[in-house]
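Participant: Below are the sequence and a predicted model; questions follow.
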Amino acid sequence: MTTATARTAEIRAAALELFTKLGYEGTTMGDIGGAVGIRGPSLYKHVASKQDLLVQIMTDTMDALLDAHRTAVATTRDPVERLRRAVDAHVRYHARHRLEAFVGNREIRSLVEPHRSAVLAQRTEYENGFRDLVTEGVAAGRFSVASARLTSYALLDLGMGISAWYREDGELSENELAWQYTEFALRLVGVA
């Protein structure tokens, strides 16, 4: 990693921390610069704007979630195993990237167009991935749900909630957490 790339990553990490703590609106470029030891005006040599930092955080988060989902479901056609793998990837991402999840959920309102629409489209694609898994499982006779849409929302909420409370040094390891949550997900779709 070059010095410039490392510095940009450091700035992004500082912005993520500050957006989590102070909110996007409450964070200034001066705050971000201060967190990494750069005066506000010099910060613009590394990043174009605070909005660009938010866009990068949110699109990187959605890109990572979409990639993890695609990878998780790519190697099997079994509906139960596909859902198990998708939920496992979803839970692990949220356990490992709590700040990104927090900012991603809270600051969608702070994105300006066309970025808001782009991130919302990614979120819709991600939700549709879960809805499709549920629909396919129902069609195969493996799942029983009243609403694929509501079930997909509940599955997404499983992972997103983790970002609010999970800690690596807590009661459950990431593996135990992922196992329990995949079991919860299978119960949601009627798999005993």
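Facilitator: Nice, I can see it.
Participant: Name the nearest residue to Leu43, ignoring sequence neighbours.
Facilitator: Gly33 (4.4 Å; Cβ to Cβ, 6 or more residues apart in numbering). C-beta coordinates here come from the backbone N, C-alpha and C atoms, glycine included.
Participant: same thing with Leu83?
Facilitator: In space, Leu83 is closest to Leu133, 5.1 Å off (Cβ to Cβ, 6+ apart).
Participant: List the contacts of that neighbour.
Facilitator: Applying Cβ atoms under 8 Å, 6 or more residues apart in numbering to Leu133 gives the contacts 73, 79, 82-83, 86, 152.
Participant: Highest neighbour count among the residues you listed?
Facilitator: Leu83 (26 neighbours; other Cβ atoms under 10 Å).
Participant: Isn't it up against Val134?
Facilitator: Yes. Leu83 is in contact with Val134 according to Cβ atoms under 8 Å; the separation is 7.4 Å.
Participant: circling back: can you pull out the residues in contact with the helix or strand that contains the residue nearest to Leu43?
Facilitator: Assigned by DSSP states H and E, Gly33 belongs to helix 29-36. The contact list for helix 29-36 (Cβ under 8 Å, 6+ apart) reads 7, 10-11, 14-15, 17-18, 22, 39-40, 42-44, 49-50, 53.
Participant: Got a quick ChimeraX command for the buried subset of those residues?
Facilitator: A single ChimeraX command selects the buried members of these (16 or more other Cβ atoms under 10 Å):
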select :7,11,14,15,17,18,43,50,53
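Participant: Need the residues touching each of Leu83 and Val134.
Facilitator: By Cβ under 8 Å, 6+ apart, the residues touching both Leu83 and Val134 are 143, 155, 189.
Participant: show me what contacts the second one?
Facilitator: By Cβ under 8 Å, 6+ apart, the contact set of Leu155 is 83, 87, 90, 130, 134, 185, 188.
Participant: what's the burial count for Arg84?
Facilitator: The burial count for Arg84: 23, using other Cβ under 10 Å.
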